[in-house]
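1. sequence first, predicted coordinates after that:
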Amino acid sequence: MYGHECNETCGHCNVDRCSPINGTCLTGCDAGYQGEFCITKFGKGMYGDGCNETCGHRRDVNKCSNINGTCLTGCSVGYRGYLCKTECGKGTFGDGCNETCGHCSDVNQCSNINGICLTGCDAGYQGEMCNAACDKGTYGDGCNEACGHCRDVNQCSNINGTCLTGCAVGYRGYLCKTECGKGTYGDDCDETCGHCLDVHQCSNIDGTCLTGCSAGFQGEMCNADCDKGMYGHECNETCGHCNEDRCSPINGTCLTGCDAGYQGEFCTKCDKGTYGDDCNETCGHCRDVKQCSNINGTCLAGCAVGYRGYLCKKECDKGTYGDDCDETCGHCLDVHQCSNIDGTCLTGCSAGFQGEMCNTDCDKGMYGHECNETCGHCNEDRCSPINGTCLTGCDAGYQGEFCTSEFN
C-alpha cells in the first residue's frame with residue numbers, strides 16, 4: 001500500500017515492493033507488467049519479465065496470459081501445449097492435434113495445420129492428404145500403374161498391384177500381367193493346349209487353336225482325332241482302302257493293312273493285272289486287263305478269246321474255243337489239242353479232214369490222215385474221206401471195197 005493514509009494499492013511490483021509515498025515499484029514489475037507503477041500490461045502477444053517473450057499460436061490472439069504466456073482459450077490449429085508453441089506430434093494435425101495424417105510418403109512432411117502431405121503420398125494413395133486409395137484398376141506411386149488381369153479388379157492391391165484373389169483365366173504371376181506359358185491356358189494356367197498347328201497360337205484364355213490344328217486333329221481346341229477314315233491337316237484327307245478303315249490320323253498310313261485289292265502304306269489300288277490281298281493274285285485272261293477287278297479279279301468286260309469263268313482263268317471246255325467259248329472245234333486228231341483260242345488243231349486232223357481247223361473234208365479223190373491217200377477207182381470218184389471206201393461203187397473193170405482190184 002502507499003499514499004495518503006496508505007489508501008492506494010501498489011501495482012504489480014516485484015515482491016510487492018513499492019514506494020509507500022508515490023507507489024513506484026522499487027524492484028521492478030511482476031512478469032507481464034511494465035511502467036513505473038507496474039500497472040500497464042505488456043502489448044498484445046507478449047508476456048513475461050520485461051515483456052520479452054512472444055506468445056505462442058493461440059486460438060485467440062487476445063487470450064495469451066501476459067504473465068506466463070498460457071493460451072487461455074487453447075491453441076491454433078496445428079499446435080499443442082499450454083504455450084501453444086509445439087507443433088502437433090508426428091503423424092497428427094489439426095485442432096487439438098486430434099487428426100491423423102494420411103499415407104504421406106514422409107510422415108514428417110505432413111502439414112501440422114491441414115494434414116496435406118507436402119512431399120507426396122505413399123504408393124497406393126492419392127489426393128492432397130493421401131487418404132484416398134488409388135482408383136479401381138490402378139496402384140503404386142502416384143497411382144500411375146495399371147492393375148493386371150485380376151480375377152476381381154476390386155481385389156487388386158492399391159499398393160503393389162497384387163491380385164488378392166488370383167488371376168483372371170489365362171494369366172499368371174502375383175501381378176497377373178503374364179500370359180500362361182507356352183502350351184497352357186485357363187484358370188491358373190492349369191490346362192494343357194491341344195494339338196495346335198502352332199503351340200504359340202493357343203489362346204491363353206480358352207485354349208482355342210488360333211491358326212488351326214496339327215495334322216490328325218480337329219475341333220476348336222484340336223483335341224479330337226480326325227473322324228474315322230479321315231486324316232491330315234484339318235482332317236481334309238480321305239484314308240485309302242485300309243483294313244477296318246484304320247489309318248493314321250496324322251499321315252494316312254494304314255495301321256492294320258489294306259483291304260483286298262489295295263497295296264502299300266496308303267493302300268492304293270493294285271497294279272494293273274494284279275488283285276486280292278496284298279495284290280498277290282494275278283488277273284486271268286480278261287478281254288481288257290484294265291477291266292480286271294483289283295478286289296476279286298473279276299473280268300469286268302468279259303474274257304479274252306478262249307477263256308471262261310468270272311476270273312477268265314479257265315480255258316474253253318474240250319471241243320470248244322473262241323469268244324465266250326461259243327465255237328466248236330473241227331475234226332482234230334486229238335480233241336484236247338484244239339486251240340481254245342482260234343480252234344486250230346495242234347496235232348493235225350482226224351482222217352478225212354484237212355485245214356488248220358480240220359473242218360474241211362479231203363479234196364475229191366483223196367482220203368485218210370492228212371488226206372494223203374488217193375481213192376481207188378470209185379464211181380464218180382466218190383470215196384469215204386475217212387477210210388477210202390467207194391460210196392457209190394466202182395468204175396467198170398474194178399471191184400472191192402476200195403475199187404482197187406481189176407476183174408480177171
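-> Sure, I can see it. Residues are numbered from 1 along each chain as shown.
2. mind listing what's buried along stretch 56-70?
-> Residues of stretch 56-70 classed as buried: 56, 57, 58, 59, 64, 65, 66, 67, 69, 70 (neighbour count, 16 or more other C-beta atoms under 10 Å). To be clear about C-beta, it is placed using only N, CA and C from the backbone, and glycine gets the same treatment.
3. in the stretch 301-408 of the chain, which spans are strands?
-> 307-308, 314-315, 320-321, 327-328, 353-354, 360-361, 366-367, 373-374, 398-399, 405-406 (DSSP state E, counting those that start in this stretch).
4. any chance of JSON lines for those strands, columns distance to residue 266, mean pLDDT and mean neighbour count?
-> Formatted as JSON lines, the strands of the stretch 301-408 of the chain follow (distance: least, C-beta to C-beta, whole Å; pLDDT from 0 to 100; neighbours: other C-beta atoms under 10 Å):
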{"stretch": "strand 307-308", "distance to residue 266": "33", "mean pLDDT": "96", "mean neighbour count": "21"}
{"stretch": "strand 314-315", "distance to residue 266": "34", "mean pLDDT": "96", "mean neighbour count": "16"}
{"stretch": "strand 320-321", "distance to residue 266": "43", "mean pLDDT": "96", "mean neighbour count": "21"}
{"stretch": "strand 327-328", "distance to residue 266": "45", "mean pLDDT": "96", "mean neighbour count": "16"}
{"stretch": "strand 353-354", "distance to residue 266": "59", "mean pLDDT": "96", "mean neighbour count": "22"}
{"stretch": "strand 360-361", "distance to residue 266": "58", "mean pLDDT": "93", "mean neighbour count": "16"}
{"stretch": "strand 366-367", "distance to residue 266": "68", "mean pLDDT": "92", "mean neighbour count": "22"}
{"stretch": "strand 373-374", "distance to residue 266": "69", "mean pLDDT": "94", "mean neighbour count": "16"}
{"stretch": "strand 398-399", "distance to residue 266": "84", "mean pLDDT": "92", "mean neighbour count": "18"}
{"stretch": "strand 405-406", "distance to residue 266": "85", "mean pLDDT": "89", "mean neighbour count": "12"}
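5. format those as TSV; extra columns: distance to residue 87.
-> Putting the strands of the stretch 301-408 of the chain into TSV (distance: least, C-beta to C-beta, whole Å) gives the following:
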stretch	distance to residue 87
strand 307-308	125
strand 314-315	125
strand 320-321	135
strand 327-328	136
strand 353-354	151
strand 360-361	150
strand 366-367	160
strand 373-374	161
strand 398-399	176
strand 405-406	177
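6. and those: which comes nearest residue 338?
-> Closest to residue 338 of the strands of the stretch 301-408 of the chain, according to C-beta to C-beta: strand 320-321, at 6.1 Å.
7. sheet partners, orientation included, of the closest one?
-> strand 327-328 (antiparallel) (DSSP bridges).
8. and the residue nearest to residue 279 when sequence neighbours are not counted, what does it touch?
-> Closest residue to residue 279 apart from its sequence neighbours, by C-beta to C-beta, 6 or more residues apart in numbering: residue 270 at 3.7 Å. The contact partners of residue 270, by C-beta atoms under 8 Å, 6 or more residues apart in numbering, come to 261, 262, 263, 276, 279, 294.
9. number of nearby residues for the closest residue to the third one other than its chain neighbours?
-> Distance criterion C-beta to C-beta, 6+ apart; nearest residue to residue 263, sequence neighbours excluded, is residue 279 at 4.3 Å. Residue crowding around residue 279 was assessed by other C-beta atoms under 10 Å; the count is 20.
10. could you do the one 10 residues further on as well?
-> The burial metric for residue 289, expressed as a neighbour count using other C-beta under 10 Å, is 14.
11. show me the contacts for it.
-> Contact partners of residue 289, counting by C-beta under 8 Å, 6+ apart, are 272, 273, 283.
12. wait, residue 228 sits on residue 245?
-> Yes - applying C-beta atoms under 8 Å, one finds residue 228 in contact with residue 245, separated by 5.3 Å.
13. neighbour count winner among the two?
-> Taking other C-beta under 10 Å, residue 228 and residue 245 do not tie; residue 245 has more neighbours (15 against 12).
14. in space, what's closest to residue 300 - neighbours in sequence excluded?
-> Closest to residue 300 by C-beta to C-beta, 6+ apart is residue 291, at 4.2 Å.
15. same check, this time on residue 258
-> Leaving aside its chain neighbours, residue 258 sits nearest to residue 267 (3.7 Å; criterion: C-beta to C-beta, 6+ apart).
16. what bridges to residue 354?
-> residue 360.
17. okay, residue 82 and residue 289: tell me how far apart.
-> 127 Å (C-beta to C-beta, to the nearest Å).
18. now the contacts of residue 270: which count as buried?
-> Buried, going by 16+ other C-beta under 10 Å: 261, 262, 263, 276, 279, 294, out of those.
19. can I get the residues you listed in CSV including pLDDT and secondary structure?
-> Below are those laid out as CSV (pLDDT from 0 to 100; DSSP: H, G, I helix; E, B strand; the rest coil):
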residue, pLDDT, secondary structure
261, 95, coil
262, 96, strand
263, 96, strand
276, 96, coil
279, 96, helix
294, 95, coil
